[in-house]
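S.K.: sequence first, predicted model second:
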Amino acid sequence: MTDVLIVLTIGLPWLGALIVWLTGDDNPRQQHTRAVGFAAAAGLCALLLIPSYSDEVTLRIGIGSAFGDFTFVPDGLGVFLAAVATVVGSLAVLFSVDYMHGEAQLGRYYTLVLLFIGAMVGLALSDSLLLLFIFWEITALCSYALISFYNDDPKAVEGGIKALIITQVGGIGILAGALIAYAYLGDYQISTFLAEADTLPSNMLSVMAFGFLAAAAAKSAQVPFHTWLPGAMEAPTPISALIHAATMVNAGVYLLARFYPAFEGVEGWKTAVVVVGLASSLLAALMALVAHDLKRVLAYSTISQLGYMVYAVGVGAVFASQFHLLSHAIFKALLFLAAGAVIHAVGTRDMREMGGLGRQMPFVRNVFIIGALALAGLPVLNGFWSKELVLEHGLEDGPAWAYAGMLAGAGITALYTFRMVWLVFFSAPRAEHHAHDAGRYMKIATGALAVGTLGSWLLVGSFGELLEESLPFHHMHVHAMNTLLEDIITAPATLVALGVVALGLLAWWFRALLAWTGTVFHVVAQAAANDFGFEWINRQIVTWTRAGADALRTTQTGYLSWNVLGIVGGVVMVLIILVLGA
């Protein structure tokens, strides 16, 4: 039965994609209904898969000796991420019924969304490195097409191309790792690699470890590969929720957690992971503080919160990392969808043109505040428990300098979150808007996520058992419910963290008295507004690439005989080098 559920969880979204495409754009109502139905069915199958978790191969597809078997293992890490992708994804699809009402090319939209969800499930459940790479690339292709959905908008096309190019760095890292594992172990199976990783030469294991770190940083938009994520905001807002909360960006953190037992002993790897997480958390929080685009604030917030998860893996707190991933998936999907309702109502993403929307959109205001309080890390919402768990492990097992940086990031998070909520819902109106509250399907989707934000932390005990009992190579620091409550409530570090969060809230409340700090930190604010120079680096790389392509173009004579001569000459030179080397 478990193998059937795996096939259904991956296959139903893909079957739905085909059926919605064949439905045709002249039947939008049927497209909406069928997309929601297939997405919800996949979510139900993923939830049914959770009680059947196992660390054994449940589904095996023979491909041949060259590629090995394509295998699927429904362990705790896989079924958890599959449930997140399908359940949150189905709520994003439901939200789309209102958000995409009247939009053209619905077939293309829903087809790509459903393909995306199915590929993410396959990525999570795969036990083959080669199959993992294939699903990894499918998600990259779907994200590119969805970010560029409004293909008559140059910004959307540019954002899609940037996401595709940068995330391909991750694909190279995973493919190289798969080939190294196969070369030394004769097998693509992840379980085989985790069991025998210490038999690989240390230099090859290091190449894999840092290659996978680059892959994770590119996919999860971590410094220095983070610049694609703000550009992805040109996509329809339900896609932003899907990419930022349920699917693609979580894949990088999942990758680090999945292969942590193999790489934890690699010299310098854990420190590098901590540095990437810390830099991403701090720099993205500062960029969110100066951004005016509502969706970009949430995008930078995603980079920052993913930094907490990466940092947690770096200090060995894999369980805390995944627990925060669960919390973040719920409250960030809530924030993005609620922001989508705001943008849908007022027609702008610029917070400087909003204000006073709380009275006109009371439901959206309330659910957005729930998500914002979780993001800021205030009791008793899910973000508070998971973030405190990350910080607690960071204090116990990580370097003090990194903990201090992550603590500062918590304060900045509270500051930009309060600023965002105030500018959108409570400040004086700065433009004339005849806003309306969310539609029926928008309310159902955001209401369900709000409930999850309030109560998902209650699953910590079951979640811990799920991971601990099905991950034989991981040594989890899991927490039962009573242990979590006792540890966090009684820990002095919790009071310190809450104090820092309170300082962030007070900094916005008394911003008039602190106006002088704008002059003091003007240089930092300018740097944050300019993406700390990373966008400039991107432009330089593009310029150098074009220049190199122009130079290489002279080697193309257009004459087939000369091209063949060049190929044959190159082969001869390689053979000579190999002979001399032998």
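M.R.: Structure's in. What do you need?
S.K.: just give the nearest non-adjacent residue to L449, would you?
M.R.: L334 (3.8 Å; Cβ to Cβ, 6 or more residues apart in numbering). To be clear about C-beta, it is placed using only N, CA and C from the backbone, and glycine gets the same treatment.
S.K.: you'd agree that neighbour is up against V451?
M.R.: No: taking contacts as Cβ atoms under 8 Å, L334 lies outside contact range of V451: 9.7 Å.
S.K.: if you count surrounding residues, which of the two has more?
M.R.: L334 (30 against 14; other Cβ atoms under 10 Å).
S.K.: what helix or strand does the more buried one sit in?
M.R.: L334 is part of helix 318-346 when elements are defined by DSSP states H and E.
S.K.: next SSE after that helix?
M.R.: helix 357-360.
S.K.: tell me the buried residues in that next one?
M.R.: For helix 357-360, the buried set under the neighbour-count rule, 16 or more other Cβ atoms under 10 Å, comprises L357, G358, Q360.
S.K.: convert the C-alpha atoms of it to CSV, please.
M.R.: The C-alpha atoms that make up helix 357-360 are tabulated as CSV, following Å, rounded to 0.1, in the frame of the first residue of the first chain:
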residue,chain,number,x,y,z
LEU,A,357,-6.1,48.8,5.0
GLY,A,358,-6.9,47.1,8.3
ARG,A,359,-10.4,48.6,8.4
GLN,A,360,-11.2,47.7,4.8
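S.K.: related to what we said a few turns ago, now the buried residues of helix 357-360 in a markdown table, with distance to T192 and pLDDT?
M.R.: Shown next, in a markdown table, are those (distance: Cβ to Cβ, whole Å; pLDDT from 0 to 100):
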| residue | distance to T192 | pLDDT |
| --- | --- | --- |
| L357 | 55 | 89 |
| G358 | 55 | 87 |
| Q360 | 58 | 89 |
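S.K.: so, low pLDDT: which residues of the stretch 401-550 of the chain?
M.R.: 511-522 (pLDDT under 70).
S.K.: S470 versus the residue most central in space within the chain, what's the distance?
M.R.: Residue closest to the average C-alpha location in the chain (Cα atoms, centre = their mean): V249, at 1.6 Å. Using Cβ to Cβ, to the nearest Å, we find V249 at a distance of 24 Å from S470.
S.K.: chain center to stretch 234-253, what's the gap?
M.R.: Distance, stretch centre to chain centre, for stretch 234-253: 6 Å (Cα atoms, centre = their mean, to the nearest Å).
S.K.: burial count for the closest residue to G439 other than its chain neighbours?
M.R.: Excluding the flanking residues, the one nearest G439 by Cβ to Cβ, 6+ apart is D98, at 3.6 Å. By other Cβ under 10 Å, 20 other residues sit near D98.
S.K.: what about D98, which helix or strand?
M.R.: Going by DSSP H and E, D98 is in helix 76-99.
S.K.: quick check: angle from that helix to helix 318-346?
M.R.: 0 degrees (axes from the mean of the first three to the mean of the last three Cα atoms, to 10 degrees).
S.K.: could you give the average pLDDT over helix 76-99?
M.R.: The average pLDDT within helix 76-99 is 93.
S.K.: same check, this time on stretch 190-201
M.R.: 93.
S.K.: end-to-end on it?
M.R.: Stretch 190-201 has an end-to-end distance of 17 Å (Cα to Cα, to the nearest Å).
S.K.: please renumber so the chain begins at 22
M.R.: Got it, the first residue is 22 from now on, which makes the last one we talked about stretch 211-222.
S.K.: mind listing what's buried in that stretch?
M.R.: Within stretch 211-222, the residues scored as buried using 16+ other Cβ under 10 Å are I211, S212, T213, F214, L215, A218, L221.
S.K.: likewise for stretch 478-488?
M.R.: W478, V481, F484, G485, L487, L488.
S.K.: which residues are in contact with it?
M.R.: Outside stretch 478-488, the residues that touch it by Cβ atoms under 8 Å, 6 or more residues apart in numbering are 71, 74, 97-98, 100-101, 339-340, 343-344, 347-348, 401-403, 405-407, 495, 497, 499-502, 505.
S.K.: which parts of the stretch 422-571 of the chain are strands?
M.R.: For the stretch 422-571 of the chain, no strands are identified by DSSP state E, counting those that start in this stretch.
S.K.: now do the helices in it.
M.R.: Here the stretch 422-571 of the chain has its helices, by DSSP state H, counting those that start in this stretch, at 461-476, 481-489, 502-511, 513-530, 538-541, 543-550, 555-574.
S.K.: right, and these - which one's nearest G180?
M.R.: helix 555-574 (12.2 Å; Cβ to Cβ).
S.K.: after the closest one, next one along is what?
M.R.: helix 581-602.
S.K.: report the distance from that following helix to the chain centre.
M.R.: Distance of helix 581-602 from the chain centroid (Cα atoms, centre = their mean) equals 44 Å.
S.K.: equivalent analysis for stretch 250-258, please.
M.R.: With Cα atoms, centre = their mean as the basis, stretch 250-258 stands 13 Å off its chain's centre.
S.K.: between the two ends of it, how far is it?
M.R.: First residue to last in stretch 250-258 (Cα to Cα) measures 13 Å.
S.K.: pLDDT on that stretch, on average?
M.R.: 86.
S.K.: look up how far G587 lies from T575.
M.R.: Taken as Cβ to Cβ, the span from T575 to G587 is 13 Å.
S.K.: the two: who's more crowded?
M.R.: Higher neighbour count among T575 and G587: G587, with 13 against 7, using other Cβ under 10 Å.
S.K.: quick check: the gap between that one and K408.
M.R.: 57 Å.
S.K.: mind giving me the packing neighbours of the longest helix anywhere in the chain?
M.R.: Looking across the chain with DSSP state H, the single longest helix is helix 175-206. Counting by 3 or more Cβ pairs under 8 Å, 6 or more residues apart in numbering; DSSP states H and E, the packing neighbours recorded for helix 175-206 are helix 150-168, helix 211-217, helix 223-240, helix 249-252, helix 269-279.
S.K.: mind listing what the residue nearest to F214 when sequence neighbours are not counted touches?
M.R.: Leaving aside its sequence neighbours, F214 sits nearest to A202 (Cβ to Cβ, 6+ apart; 4.8 Å). Counting by Cβ under 8 Å, 6+ apart, A202 makes contact with L150, D208, Y209, T213, F214, L221, M229.
S.K.: what pLDDT does the last one get?
M.R.: With respect to pLDDT, M229 scores 95.
S.K.: burial count for it?
M.R.: M229: 28 neighbours (other Cβ under 10 Å).
S.K.: just checking, it touches W290?
M.R.: No: using Cβ under 8 Å, M229 makes no contact with W290, being 10.0 Å away.
S.K.: spit out the residues that contact these two alike.
M.R.: F284.
S.K.: list the buried residues of the longest helix of the chain.
M.R.: Quick answer for helix 175-206 (16+ other Cβ under 10 Å): 177-178, 180-181, 183-188, 191-192, 194-199, 201-203, 205-206.
S.K.: domain map for the protein?
M.R.: 23-550, 560-602 (automatic domain parsing).
S.K.: tell me which of these is the most buried.
M.R.: Burial of those is given as mean neighbour count (mean count of other Cβ atoms under 10 Å); domain 23-550 ranks first at a mean of 21.
S.K.: pretty sure the residue nearest to the centre of the chain sits against A242.
M.R.: Yes: contact criterion Cβ under 8 Å: V270 and A242 qualify, at 5.8 Å.
S.K.: and for the two, which residues touch both?
M.R.: Residues touching both V270 and A242 by Cβ under 8 Å, 6+ apart: L250, T323, L327.
S.K.: which residue is the nearest non-sequential neighbour of the first one?
M.R.: This points to L250. A242 (3.9 Å).
S.K.: many thanks, have a good one.
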